[in-house]
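Trainee: coords please:
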Amino acid sequence: MGFHFQKKDLKWLIPLTLLLLCLPLLVPSAVAEELPDWLKEADLPVYEPVELENPDAEPLPLGDKAVYKPRADGFLPDNAGYLDSTLSVRIESRVIKDTRMQFTWIRIADPSQMRCAPYRSFTSDSRAKATMISRKVQGAVVAINGDWPASKEKRKHGLVVRNGDLIRKKDCERYDSLIIDMAGDFHIIRHAAEADYAAYEGNILHSFVFGPALVIDGEKVTVDRKKKMEDAMIRHCEGWHGAQRNVLCQMGPLSYLIITSEGPEQKKGTGLSIDEMSWLTYAIGAKQAFNLDGGSSTWLVLNDERINTMKTKNFRIVQDILYFATAEPS
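Mentor: Predicted coordinates:
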């Protein structure tokens, strides 16, 4: 037996359909409701998944040097990014909370295109401009500063892996750790002890010891000032105040975002605190977000040239960089 509707039975469907269509406009999402006012009004860039022409590129041999040089015609005008069959870099600028910021969207074909390089070695305290390290690599398309893996004054603890090689493995309960596995996926461990590292069963491509974590598994990280360990970590990176910052995010499989902000070191700059940056990465939809070294160590390098804080010359030499390379044969 079938069901038959008369015209009068359909009248109630019309207002119901209109209500359902308007519902997203009438009821803000839970995320929008809980955001701070300054972020609700911000002109945030939007994550747009990228399909590469050659998403099945051959993996690159691991190491600190690039394998192929980028195409000269792949770099976009006005420092807008880079594009070839295996790598997409799109850079957008915004002013958020009176702070100039750059959003660098990156899509790679293979995890081996995400690479690290030191000035001399990952166990050496030798330092240089990030642009100098980038040129030494001979193929870094876009690069940022790393996390000072070998500083005698600060860095004696934690799990440090670069390009698949173990550099150091010790307790590091004061800092958070970011592990990037061989698939290019991010895993964040808060206040990592050696037992936490031992419990991780995956193969590691890179790991960083700095932080703090900003977003873990899509959830905003809230730092409790009453906890001494967290308070010490936040104070170390001037977390309660606005500052220059570099944040590394994963948006999806082999898709990443670097957020580079100015701070009080620049004229008219205010910078974002750690909590504000945590809100920002959460609002923009990061799956994982991790704070790297900031202040005058904040570098964003495109085609071997610095493109952040162009109007000031405040910078600090660094030990290492994280960079993205093409997998397209030269």
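Trainee: alpha carbons only for contacts and neighbour counts from here, please
Mentor: Will do.
Trainee: is it true that Tyr197 touches Leu159?
Mentor: Yes. Tyr197 lies in contact with Leu159 (CA atoms under 8 Å); the separation is 7.3 Å.
Trainee: Same drill for the two, tell me which one is more crowded.
Mentor: Using other CA atoms under 10 Å as the criterion, Tyr197 and Leu159 rank with Leu159 on top: 24 against 18.
Trainee: Check whether that one really touches Phe210, as I assumed.
Mentor: No. If you go by CA under 8 Å, Leu159 and Phe210 don't touch, sitting 10.6 Å apart.
Trainee: Could you tell me which residues touch both of those two?
Mentor: Common neighbours of Leu159 and Phe210, counting by CA atoms under 8 Å, 6 or more residues apart in numbering, are Ser177.
Trainee: what about Asn203, how many neighbours?
Mentor: Around Asn203 there are 12 residues (other CA under 10 Å).
Trainee: OK, contacts around it?
Mentor: Asn203 makes contacts with Asp181, Met182, as judged by CA under 8 Å, 6+ apart.
Trainee: now Val141
Mentor: Applying CA under 8 Å, 6+ apart, the residues contacting Val141 are Pro70, Tyr82, Leu302, Asn303, Asp304, Tyr323, Phe324, Ala325, Thr326.
Trainee: Please, where are all the helices along this structure?
Mentor: 7-10, 13-26, 30-34, 37-40, 130-137, 194-199, 228-236, 274-283 (DSSP state H).
Trainee: If you average pLDDT over each of the ones you listed, which is lowest?
Mentor: When the helices of the chain are ranked by mean pLDDT, helix 7-10 comes last with a mean of 44.
Trainee: my read: Phe210 touches Tyr175, true?
Mentor: Yes. With contact defined as CA under 8 Å, Phe210 counts as touching Tyr175 (5.6 Å).
Trainee: burial count for the closest residue to Tyr82 other than its chain neighbours?
Mentor: Nearest residue to Tyr82, sequence neighbours excluded (CA to CA, 6 or more residues apart in numbering): Phe75, at 4.3 Å. Neighbourhood size, Phe75 [other CA under 10 Å]: 18.
Trainee: likewise Glu48?
Mentor: The local packing of Glu48 (other CA under 10 Å) involves 9 other residues.
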